[in-house]
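Q: Model the structure of this input:
(one chain, ligands or ions: 2)
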Amino acid sequence: MATIESMTELLVDQLKDIYDAENRLTKAIPKLSKKAANEELRSALDEHLQETEEHVSRLEQAFKMLGEKAKSKPCAGMRGIIDEGSEHVGESYEDDDLRDAVIIGSAQRVEHYEIAAYGTAIAHARLLQHDDVVDLLEQTLEEEKAADKKLTEIAESAVNIDATEGGQMEDEMPQRRSSRRRQASGRQRATAASSSRSNGRGRGRR
Ligand SMILES: [Fe+2]
Ligand SMILES: [Fe+2]
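A: Numbers count the residues shown, from 1 in each chain. Ligands and ions are numbered 1, 2, ... in the order given. Sure thing, here's the model as predicted:
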């Protein structure tokens, strides 16, 4: 294993790691998308797949700017996140909304890892005054952040709500019962506060 002797070499080494991660994602995202039931989630993943392909080519440009050949170095972190995600997504779920909630969680772990990796690489490129590389990687970083935000919006506006409501119609699993109980006790507190003059009848709800 060659010794890394300079900040430039360190940056190149990090880019090799990210290059491997992004290439893995071009294969992993379609698998997640195929399993997603929610249409908005599916199209968000498909859209991010296209961006991910662009991230790969931006990295190739960055290597070129640094006078290096585009090369991968196995990214154990991303491999682990992808493996864990496919394990979770592959479990059996009573309804598709629950799986969608897991898909969102897995995809967000990916985005956060990428955000961290690009953040470091950009900081190093900036220190080295490689402004062209900084500009390029910042475009990608913004897309990673936007993808993460979009996933949060989909979770909050549809998937998590559907996943919770699905459980209210059938026999409930214990975890869902306890989460509903937490929600219910939140409602009770609100009811108790608003009806404190009407001898706290809200308190008796269960
Ligand atoms: Fe990416
Ligand atoms: Fe991403």
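
Q: When you work out contacts or count neighbours from here on, use the C-alpha atoms and nothing else.
A: Will do.

Q: Show me which residues of this protein sit near ligand 2.
A: 111, 144 (Cα under 5 Å from the ion).

Q: Where does the record place the domain boundaries for the chain?
A: 7-167, 172-206 (automatic domain parsing).

Q: which of these sits most buried?
A: Ranked by mean neighbour count under mean count of other Cα atoms under 10 Å, these are led by domain 7-167, which reaches a mean of 18.

Q: right, and the helix or strand after the longest helix belonging to the chain?
A: When the chain is parsed with DSSP state H, its longest helix is helix 96-127. The first helix or strand that comes after helix 96-127 along the chain, using DSSP states H and E, is helix 131-154.

Q: Output the contacting helices and strands for the longest helix of the chain.
A: Contacts defined by 3 or more Cα pairs under 8 Å, 6 or more residues apart in numbering; DSSP states H and E place helix 96-127 against helix 7-35, helix 76-89, helix 131-154, helix 160-169.

Q: Which residues are in contact with Ala125?
A: For Ala125, the contact set (Cα atoms under 8 Å, 6 or more residues apart in numbering) comprises 8, 11, 131, 133-134.

Q: Out of those, which is nearest to Glu60?
A: Val133 (10.7 Å; Cα to Cα).

Q: how close does the closest one sit to ligand 2?
A: Separation of Val133 from ligand 2 (Cα to the ion, to the nearest Å): 18 Å.

Q: just Ala116 next, same as before
A: In terms of Cα to the ion, Ala116 sits 11 Å off from ligand 2.

Q: Please apply the same query to Asn23.
A: For Asn23, the distance to ligand 2 equals 11 Å [Cα to the ion].

Q: what sits against that residue?
A: Asn23 makes contact with 53, 56, according to Cα under 8 Å, 6+ apart.

Q: So for this structure, which residue is the most central one in space?
A: Gln108 (1.1 Å; Cα atoms, centre = their mean).

Q: quick one, what contacts the closest residue to that one other than its chain neighbours?
A: Leaving aside its sequence neighbours, Gln108 sits nearest to Asp148 (Cα to Cα, 6 or more residues apart in numbering; 5.8 Å). Going by Cα under 8 Å, 6+ apart, Asp148 touches 108, 111-112.
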